[in-house]
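Asks: Show me how the following folds:
(chains A and B, ligands or ions: 4)
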Amino acid sequence: MARKILLEHIDVPGIQTFEVYRKMGGYEAVAKALKQMSPDEIVEEVKKSGLRGRGGAGFPTGMKWSFLDKKSDKPRYLVCNADESEPGTFKDRYLMEKIPHILIEGMICSSIALGARTSYIYVRGEMMYVIKILEKAIQEAYQAGFLGKNILGTDYSLDLYVQPGGGAYICGEETALLESLEGKRGNPRNKPPFPALWGLYGCPTVVNNVETIADVPWIINHGGEAYASIGIGKSTGTKLISACGNINNPGVYEIELGITVEEFINSDEYCGGIANGRKLKAVVAGGSSVPILPADLILTTASGEQRRMTYESLSDGGFVSGTMLGSGGFIVYDDRQCIVRNLWNFTRFYHHESCGQCSPCREGTGWMEKVLHRIENGHGKMSDIDLLVDVAKKIEGKTICPLGEAAAWPVASAIRHFRAEFEEHVRHPDSCVKKHLHREMAHAH
Amino acid sequence: MSDLIKITIDGNSIEVPKGTTILQAARMIGKNYPPAMCYYTPLKNTGGKCRVCLVKVSQSSEANPRPMPKLVASCLTLAEHGMVVENESSPEVLEARDGVVEFLLINHPLDCPVCDQAGECDLQNLSFEHGRAETRYEEGRREFEKIDIGANIQLHMTRCILCYRCVYLADQLTDQRVHGVIHRGDVSEISTFIQNAIENDFSGNIIDVCPVGALTDKTYRFKQRVWFSKPFDAHRHCPKCSGKSVLWMKNDQIIRVTSRKDKFGEVIDFICNECRFEHKDVSHWNIEGPRDMGENSVISANKYELPVVSPAVNVDAKFVSE
Ligand SMILES: Cc1cc2nc3c(=O)[nH]c(=O)nc-3n(C[C@H](O)[C@H](O)[C@H](O)COP(=O)(O)O)c2cc1C
Ligand code: SF4
Ligand code: SF4
Ligand code: FES
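Replies: Numbering: from 1, shown residues only, chains lettered A, B, ... in the order given. Ligands and ions are numbered 1, 2, ... in the order given. Modelled structure (predicted):
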């Protein structure tokens, strides 16, 4: 069994409650952070741990914390990004639902490190059941003296709030999240300035993903070096992976960064192999926005090495032959799956979720969706394929926020690796349409 | 230490104060300045949205000679000492700009022949420079009914490019903003808050800041093609605003009153609704003289001469070409 940091006690009955969580050693990190360490020492340990943001971009957390404007005399904020909207990614909600106190403890420890006196957990509004679980956990923590005034008798005080979001994917982008938290339309801000200088209400702010924050108590308890000793190279520690698609065991897994992709797909501890004895066709490794890779390239890099579940190995080869670890949403396709249909589905999502502020994303995502819809429904032309590539290129790198790229990369990579399938759709529109009709009828029965 | 920094844009260098954006520096140089559809100098926090002003920074600064990894919005990016920028000299920038113009034209009808803004429209100019002869877009386009948003203004949402200028103006110039952007993505639209009317004293200025013909002046619609009208600088003593306006004349009639724009198409003094909508009589104005429209304006093609005698306008002013 692999080492677990977040899910170690997941099966302990009652672990949702403060009492059981505390019995299993919970909230020790808060005591240690307050009584034995200075805030700077905590930041130092997080730096040593090599922990990288688990929300998608993988930016080193300790470094992000140290950018926080300490000279400012304004209040500082910690905001937890629990919006979790990337299609294919469902790890944060699992953690919050099953073991909410690990996030609350992480929020307290991280707030101590950053000198925040008020912190927020911004949760996707649809996840009302998660919001209720978190609110109960927060209440318990207040009652036990881990939140509120003079925590554990020290002069440190902290208030923690849960804020439901409106349920828009774009509100997961950190600056749109802050706008939304301020009660405004969730439009991403122009950067710079970054939140570390100009965040919530114009104050220095750190925005971190749920999983990132939940890792902090372990780092405080065991030290940054112990965390860094897990994993490979700059991919330290463990990572939650939400696996779905045509596999035997869909679910949320905690892996040690560095296991091979092949092991992750085939081992019974994780995905348990491709369902129904089918063949692996392709994988989207890090949530729907990362480039899709065909079977051979997801298992082996272009230079012939076994592909590993690390930031570096998955991105080996750049966008020509690589992809990204992203948020850890691992979507597996067997040989029956239609890439065009899948891509149309993703693109439909990005079209729907674009905030509409900047022209390339607002107009481009809709255009791509409509062309894909045509191709998928038997009305495509050969020239449409290059048109899609070109539209994606004209969005990528031209927008205010990375949603532009999130919409463009799937299109560019699907056509790069599966062009023949797009051409097939154009050449034989009938057979594709029929195939889908059959599948839909089979589902209906 | 001097607070001046040197920036080079398309080979032209200039020294500018710290805090100047690339776009402003380029405007100071006075040539090869990037176009701007959403940025508007007098309105705070505008910019960054339309992406027509993207430029390439091939050297970030003297201290950091590396290029910036992506194209940047020149309206928001501050100049650094020793920065080298490529605007029209960069094929990458021109390609991106072509792309943005193509995107903007997806849902913007080419109804210039009937649009009031024709001849003063930023998008028309841009499509002339960056547009294609044929569209690659074959899908359905957005359609909207025209909406009267108050007594003076009609909204043609089909033409709106969602630059947010009118929203920032309403936010910053009037006490109660009743309009904004609703929905998201390509179904976003400018709308008032539940059928509200935009009736505050300075609302007319949203027509002037609109870079396209989405917001039209109901007292002027269809009265004249702009290049056939004669603009005069004029003022009146107004208790609410500076009263500095442009009168647009058809023969001896004032058919439209607008605020004055600089050569970048931006209003310097916003005017009140009374000056704009209610004073269409020549005797109400002190006429200063014909308005200098600058070389690039289609209006300047119709050069007209006049000795104007205030307070009455010289009705004998003639187009040179006549
Ligand atoms: C369109 C978009 C959606 C995003 N959605 C999420 C999200 O749901 N959850 C999340 O943690 N980060 C999301 N991110 C990334 C955040 O902007 C930000 O990088 C992250 O929350 C930082 O936390 P980390 O450093 O701990 O990863 C999104 C980014 C973009 C561009
Ligand atoms: S890229 Fe898309 S989602 Fe991001 S700001 Fe622009 S329009 Fe909004
Ligand atoms: S109505 Fe005009 S000013 Fe307002 S957002 Fe649309 S294009 Fe911009
Ligand atoms: S003018 Fe710079 S993005 Fe619109």
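
Asks: Next, work out how far apart the closest residue to residue B:174 other than its chain neighbours and ligand 2 are.
Replies: Counting by C-beta to C-beta, 6 or more residues apart in numbering or on different chains, residue B:174 lies nearest to residue B:200, which is 4.2 Å off, once chain neighbours are set aside. For the C-beta atoms, the positions are set from N, CA and C on the backbone; glycine is no exception. Separation of residue B:200 from ligand 2 (C-beta to the nearest ligand atom, to the nearest Å) stands at 29 Å.

Asks: Same check on residue A:354?
Replies: With distances taken as C-beta to the nearest ligand atom, residue A:354 is found 4 Å from ligand 2.

Asks: Count the neighbours of that residue for me.
Replies: Using other C-beta atoms under 10 Å in any protein chain shown, residue A:354 has 30 neighbouring residues.

Asks: Make sure it is actually in contact with residue A:365.
Replies: Yes: Residue A:354 is within contact range of residue A:365, at 4.8 Å (criterion: C-beta atoms under 8 Å).

Asks: picking up where we left off before, what about the residue nearest to residue B:174, neighbour count?
Replies: By other C-beta under 10 Å, neighbour count at residue B:200 equals 17.

Asks: How about the one 3 residues further on?
Replies: Using other C-beta under 10 Å, residue B:203 has 27 neighbouring residues.

Asks: Which of the helices or strands spans it?
Replies: Here residue B:203, judged by DSSP states H and E, is contained in no helix and no strand.

Asks: Likewise for residue B:58?
Replies: Using DSSP H and E, the element containing residue B:58 is strand B:54-59.

Asks: Mind listing the strands that strand pairs with, and their directions?
Replies: With DSSP bridges as the criterion, the sheet partners recorded for strand B:54-59 are strand B:72-73 (antiparallel), strand B:83-86 (antiparallel).

Asks: What backbone torsions are found at the residue nearest to residue B:174?
Replies: Here is the backbone geometry of residue B:200 (degrees, to the nearest 10): phi -70, psi 170.

Asks: shared neighbours, residue A:354 and residue A:365?
Replies: A:407, B:185-186 (C-beta atoms under 8 Å, 6 or more residues apart in numbering or on different chains).

Asks: if we can go back for a sec, with mean pLDDT added, can I get the strands paired with strand B:54-59 in a markdown table?
Replies: A markdown table is the format used below for the strands paired with strand B:54-59 (pLDDT from 0 to 100):
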| stretch | mean pLDDT |
| --- | --- |
| strand B:72-73 | 98 |
| strand B:83-86 | 98 |
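
Asks: Which stretch among the ones you listed is buried most, on average?
Replies: strand B:83-86 (a mean of 24; mean count of other C-beta atoms under 10 Å in any protein chain shown).

Asks: What is the burial count for residue A:273?
Replies: For residue A:273, using other C-beta under 10 Å, the count is 18.

Asks: next one: residue A:144
Replies: 15.

Asks: in terms of contact, does it touch residue A:17 like I think?
Replies: No: using C-beta under 8 Å, residue A:144 and residue A:17 do not qualify as a contacting pair, with a distance of 11.2 Å.

Asks: Identify the bridge partners of residue B:248.
Replies: Beta-bridge partners of residue B:248, as defined by DSSP bridges: residue B:231, residue B:256.

Asks: Equivalent analysis for residue B:155, please.
Replies: Applying DSSP bridges, one finds that residue B:155 bridges with residue B:147, residue B:215.

Asks: Apart from its neighbours in sequence, what residue is nearest the residue in the stretch 101-250 of chain B that ligand 4 sits nearest to?
Replies: Residue of the stretch 101-250 of chain B nearest ligand 4, by C-beta to the nearest ligand atom: residue B:163 (6.9 Å). Spatially, and ignoring its direct neighbours in sequence, residue B:163 is nearest to residue B:38 (3.9 Å; C-beta to C-beta, 6+ apart).

Asks: excluding its backbone neighbours, what's nearest the residue in the stretch 201-322 of chain B positioned nearest to ligand 3?
Replies: Among the residues of the stretch 201-322 of chain B, residue B:210 lies closest to ligand 3, at 3.2 Å counting by C-beta to the nearest ligand atom. Nearest non-adjacent residue to residue B:210, counting by C-beta to C-beta, 6+ apart: residue B:166, 5.9 Å away.

Asks: The helix or strand hosting that neighbour close to ligand 3?
Replies: Element membership of residue B:166, judged by DSSP H and E, is helix B:165-173. Yes: legend: contact between helix B:165-173 and ligand 3 by C-beta under 6 Å from any ligand atom is shown at B:165-166.

Asks: Return the distance of the helix or strand just after that helix from the chain's centre.
Replies: Using DSSP H and E, the helix or strand that directly follows helix B:165-173 along the chain is strand B:179-182. Distance of strand B:179-182 from its chain centroid, counting by C-alpha atoms, centre = their mean, to the nearest Å, is 19 Å.

Asks: helices and strands around strand B:179-182, which ones?
Replies: Counting contacts by 3 or more C-beta pairs under 8 Å, 6 or more residues apart in numbering or on different chains; DSSP states H and E, strand B:179-182 packs against helix B:165-173, strand B:189-192.

Asks: Just name the most buried of these.
Replies: It is helix B:165-173: most buried of the helices and strands packed on strand B:179-182 by mean count of other C-beta under 10 Å, with a mean of 21.

Asks: other SSEs contacting that helix?
Replies: strand B:179-182, helix B:205-209.

Asks: Can you narrow the shared contacts of residue A:354 and residue A:365 down to the ones near ligand 3?
Replies: Of the shared contacts of residue A:354 and residue A:365, not one also sits near ligand 3 (C-beta under 6 Å from any ligand atom).

Asks: what's the distance between residue A:430 and residue A:422?
Replies: From residue A:430 across to residue A:422, the span is 16 Å (C-beta to C-beta, to the nearest Å).

Asks: These two: which is more packed in?
Replies: Neighbour totals were compared for residue A:430 and residue A:422, and residue A:422 leads with 22 against 8 (other C-beta under 10 Å).

Asks: tell me the pLDDT at residue B:294?
Replies: Note on residue B:294: pLDDT of 73.

Asks: And for it, the neighbour number?
Replies: 13.

Asks: so what's the backbone phi/psi at the residue lying closest to it once chain neighbours are set aside?
Replies: Nearest residue to residue B:294 in three dimensions, chain neighbours excluded: residue B:263, at 5.1 Å (C-beta to C-beta, 6+ apart). The phi and psi values for residue B:263, taken as degrees, to the nearest 10, are phi -70, psi -10.

Asks: Could you check how many residues crowd around residue B:263?
Replies: Quick note: residue B:263 (other C-beta under 10 Å) scores 13 neighbours.

Asks: Could I get the contacting residues of residue A:125?
Replies: Applying C-beta under 8 Å, 6+ apart to residue A:125 gives the contacts A:164-167.

Asks: wait, residue A:374 sits on residue A:385?
Replies: No: the pair residue A:374 and residue A:385 fails to qualify as a contact (C-beta under 8 Å) at a distance of 11.5 Å.

Asks: where does the stretch 151-300 of chain B dip in pLDDT?
Replies: Applying pLDDT under 70 to the stretch 151-300 of chain B flags the ranges B:295-300.

Asks: what do you get for the stretch 101-250 of chain A?
Replies: Checking the stretch 101-250 of chain A against pLDDT under 70 turns up nothing.

Asks: Contact distance from chain B - what residues of it qualify?
Replies: Residues of the stretch 101-250 of chain A lying close to chain B by C-beta under 8 Å from any C-beta of the partner chain are A:168, A:170, A:185, A:190.

Asks: Can you tell me the SS state at the second one?
Replies: Using DSSP: H, G, I helix; E, B strand; the rest coil, the three-state assignment for residue A:170 comes out as helix.
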